[in-house]
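1. whatever this is, show me its structure:
(2 chains)
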2 protein chains.
Amino acid sequence: MIDVCLLGTGGTMPLPQRALTALCVRCCGKSLLVDCGEGTQVQLRRAGLSMHDIDAILITHLHADHISGLPGLLLSMAKSERKERVMMIVPPGGTFVVRSLCVISANLPFEVAVTELRSAHEEFTLAGLRVTAQLADHSVTCYAYSFALPRPGRFNPQKASLLGVDVKDWKTLQRGESITAGGKKITPDMVIGAPRKGLKLAYCTDTRPTAELVALAKNADLLVCEGMYAEEDKLPMAKKKKHMLFSEAARLAAKAGARELWLTHFSPSLDNPAQYESCVRVLFEHTIIPEDLQKTELNFEK
Amino acid sequence: MIDVCLLGTGGTMPLPQRALTALCVRCCGKSLLVDCGEGTQVQLRRAGLSMHDIDAILITHLHADHISGLPGLLLSMAKSERKERVMMIVPPGGTFVVRSLCVISANLPFEVAVTELRSAHEEFTLAGLRVTAQLADHSVTCYAYSFALPRPGRFNPQKASLLGVDVKDWKTLQRGESITAGGKKITPDMVIGAPRKGLKLAYCTDTRPTAELVALAKNADLLVCEGMYAEEDKLPMAKKKKHMLFSEAARLAAKAGARELWLTHFSPSLDNPAQYESCVRVLFEHTIIPEDLQKTELNFEK
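-> Numbers count the residues shown, from 1 in each chain, chains lettered A, B, ... in the order given. Modelled structure (predicted):
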């Protein structure tokens, strides 16, 4: 299960009625935070999510609305008795920015281990999730992320029994390790079926739509994607500022074969994004215009 | 008239129900902001106060809860088409901190002119107000501020008439300049009485009570003062962390002969500061436990 909370839906600046876009992803008892603008720590509190337990913070890009809340968050994590290292994944140049911002959060009781992304496409594991970082197309270097939870094939007790595997060895095989039964080596593939469909979440902001992002969001159970502007006549502005229209995000979701799309990172000038929901659904039926703190659980298929 | 808005009442970290302490002071069509924690720009919006028109930002000290909102605020001021220079008054070392935080708000369309306080007691004029910066007693170098609006004496039209002053010259005399009437020099003191009681606002956070702060708040119409802890048994903690109890702030207000006291900078652990109001009023009758966005106008006496 992947537990998702979209902490805010705003872009550019925090507003009384709309917090800045950031995402909390929880899996296997650990949590990841993607982006941390001014007020993100307050939204974590509003959502009832623990700051103490954030395993890693991933930053899409180094614009203030995506990182300005970092020193305050780290200080609040310190107040919550956090002692363990906090991982950070940042775009190139991020180490300098993190260190600069942290002049007001010095002497933290934990290490902040910053890793800069270097390639256009990187894959790594965090909090039990397979994370992919994909270079996006924004006015500064910006990464989109996907989070995948693979699901192994089904264990076949009949086969295991026929092969003479003791019940106490089932867990070892399920972990992917071989055992010996009746003098014979038993490998996991002998008792476990083909991998089943796992879970996938993708987060794309701030960016123009690209083929690489379609690939990143391929068959995602949930795509959280920026939609800075709703009106079609804002296309020149969207192109200039390297953002997306609602319709462009919807087409990206459709091309990727995503199961559901949540739009986010609304322009402060966009008063009522929800009024555009029906228009966008013509392009991609399963579009949600979320509220701040929108939550969901992604679960394996039955 | 001085227009005062206490933007938040919290200390240490922003909470869903309590923003960080910061003060907006408006006078003569200009405004000053004292402190700028995470979320202060949102509180300015909530209060309906213009970010565009902030003449100067004064920082009490360089702890995150008093300055972390600066880069976001400056960016929002830039979005509001601000072009004029923004003055900043900061404690020693503040220039480095401001420059470090502003790595995420580079290329502003206005100059940020930072002045570091150097002495324990400094006086200067900002937005038509006589500002006093007084070194406080906190765990890091911290300044308290007072803002005074002097009120000249009453103009005496009878005297002016007897001296043969033309009505068109009244304004010149009221501005403090001399004129000539009937070949004789007329100085302002010849037609204007002794200065009348002006207005004074004092802002003291974060600090222990000191004699210098009593002097700073002397006869203030309003003293906005930190009260980190309400319970008397928190005195050792208050001394250790260099903060005040409610009772200490009340005694400071009484000693200073302030007209009204607003407590602020409540500890996140303090759930309901208002329940202590009656206790504090035993020590200083005109104590208010304000809400975020508490406003008042200080007006000259009739």
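
2. now the helices: where do they sit in chain A?
-> Secondary structure of chain A (DSSP state H): helices at A:40-46, A:64-67, A:70-79, A:94-101, A:157-162, A:170-174, A:211-216, A:235-241, A:246-256, A:277-283.

3. any idea how far residue A:93 lies from chain B?
-> Residue A:93 is 10 Å from chain B, where distance means CB to the nearest CB, to the nearest Å. From N, CA and C alone the C-beta is placed, and that goes for glycine too.

4. list the contacts of that residue.
-> Counting by CB atoms under 8 Å, 6 or more residues apart in numbering or on different chains, residue A:93 touches A:62, A:116, A:141.

5. what about the first one, distance to chain B?
-> Spelled out, that is residue A:62. 7 Å.

6. what is the neighbour count of residue A:115?
-> Residue A:115 has 15 neighbouring residues, counting by other CB atoms under 10 Å in any protein chain shown.

7. and if you look at the one 3 residues further on?
-> Number of residues near residue A:118 (other CB under 10 Å) recorded here: 9.

8. ok, the one 5 residues further on next?
-> Using other CB under 10 Å, the number of residues around residue A:123 comes to 12.

9. tell me the confidence at it?
-> At residue A:123, the model reports a pLDDT of 98.

10. go on, residue A:263?
-> 98.

11. with residue A:28 instead?
-> 88.

12. ok, residue A:150 to residue A:200 distance?
-> Applying CB to CB, to the nearest Å, the value for residue A:150 to residue A:200 is 9 Å.

13. higher neighbour count, these two?
-> Between residue A:150 and residue A:200, counted using other CB under 10 Å, residue A:200 has the larger neighbour count: 25 against 13.

14. give the contact list for that one.
-> Residues in contact with residue A:200 (CB under 8 Å, 6+ apart) are A:146, A:147, A:148, A:149, A:219, A:220, A:221, A:222.

15. picking up where we left off before, winner for burial among the helices of chain A?
-> helix A:64-67 (a mean of 26; mean count of other CB atoms under 10 Å in any protein chain shown).

16. which helices and strands does it pack with?
-> Applying 3 or more CB pairs under 8 Å, 6 or more residues apart in numbering or on different chains; DSSP states H and E, one finds that helix A:64-67 contacts helix A:94-101, helix B:70-79.

17. go again with 10 Å.
-> strand A:22-27, helix A:94-101, helix B:70-79 (3 or more CB pairs under 10 Å, 6 or more residues apart in numbering or on different chains; DSSP states H and E).

18. buried ones among the contacts of residue A:93?
-> A:62, A:141 (16 or more other CB atoms under 10 Å in any protein chain shown).

19. TSV for the helices and strands packed on helix A:64-67, including distance to residue A:170?
-> Below are those laid out as TSV (distance: least, CB to CB, whole Å):
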stretch	distance to residue A:170
strand A:22-27	24
helix A:94-101	44
helix B:70-79	54
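
20. ok, and the closest non-adjacent residue to residue A:26?
-> residue A:3 (4.0 Å; CB to CB, 6 or more residues apart in numbering or on different chains).

21. how close does the one you found get to residue A:265?
-> 21 Å.

22. give me the more crowded residue out of these two.
-> residue A:265 (27 against 15).

23. what ranges do the strands span in the stretch 1-150 of chain A?
-> In the stretch 1-150 of chain A, the strands defined using DSSP state E, counting those that start in this stretch lie at A:2-8, A:22-27, A:30-34, A:54-58, A:86-90, A:112-116, A:121-126, A:129-135, A:143-151.

24. out of those strands, the one nearest residue B:300 is which?
-> strand A:2-8 (44.0 Å; CB to CB).

25. report the distance from the closest one to the chain centre.
-> Relative to its chain's centre, strand A:2-8 lies at 9 Å (CA atoms, centre = their mean, to the nearest Å).

26. for it, name the packing helices and strands.
-> strand A:22-27, strand A:30-34, helix A:40-46, strand A:143-151, strand A:196-204, strand A:222-226, strand A:261-264, strand A:294-298.

27. nearest to residue B:104, of these?
-> The closest of these to residue B:104 is helix A:40-46. By CB to CB, the value is 14.1 Å.

28. the closest one close to chain B?
-> Yes. Shown here: helix A:40-46 in contact with chain B (CB under 10 Å from any CB of the partner chain) through A:40, A:41, A:42, A:43, A:44, A:45, A:46.

29. residues from the stretch 151-300 of chain A in reach of chain B?
-> So far as CB under 10 Å from any CB goes, the stretch 151-300 of chain A lies against chain B at residue A:268.

30. about what we covered before: how about the helices and strands packed on strand A:2-8 in a markdown table, adding distance to residue B:226?
-> Listed next are these as a markdown table, based on distance: least, CB to CB, whole Å:
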| stretch | distance to residue B:226 |
| --- | --- |
| strand A:22-27 | 30 |
| strand A:30-34 | 31 |
| helix A:40-46 | 21 |
| strand A:143-151 | 41 |
| strand A:196-204 | 40 |
| strand A:222-226 | 40 |
| strand A:261-264 | 38 |
| strand A:294-298 | 37 |
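
31. does residue A:56 touch residue A:27 like I think?
-> No. If you go by CB atoms under 10 Å, residue A:56 and residue A:27 don't touch, sitting 11.7 Å apart.

32. quick check: neighbours shared by these two?
-> A:126, A:127, A:129 (CB atoms under 10 Å, 6 or more residues apart in numbering or on different chains).

33. any of the residues you listed buried? List them.
-> A:126, A:127, A:129.

34. that older thread, any common contacting residues for residue A:150 and residue A:200?
-> A:129, A:130.

35. quick one: closest of the helices and strands packed on helix A:64-67 to residue B:36.
-> So among the helices and strands packed on helix A:64-67, helix B:70-79 is nearest, using CB to CB, at 4.9 Å.

36. average pLDDT for the closest one, rounded please.
-> The average pLDDT for helix B:70-79 rounds to 97.

37. could you check that helix against chain A for contacts?
-> Yes. Against chain A, helix B:70-79 shows contacts by CB under 10 Å from any CB at B:70, B:71, B:72, B:73, B:74, B:75, B:76, B:79.

38. got a list of what the third one touches?
-> Under the criterion of CB under 10 Å, 6+ apart, the contact list for residue B:72 reads A:12-14, A:20, A:37-39, A:64-65, A:68-69, B:36, B:38-42, B:101, B:104-105.
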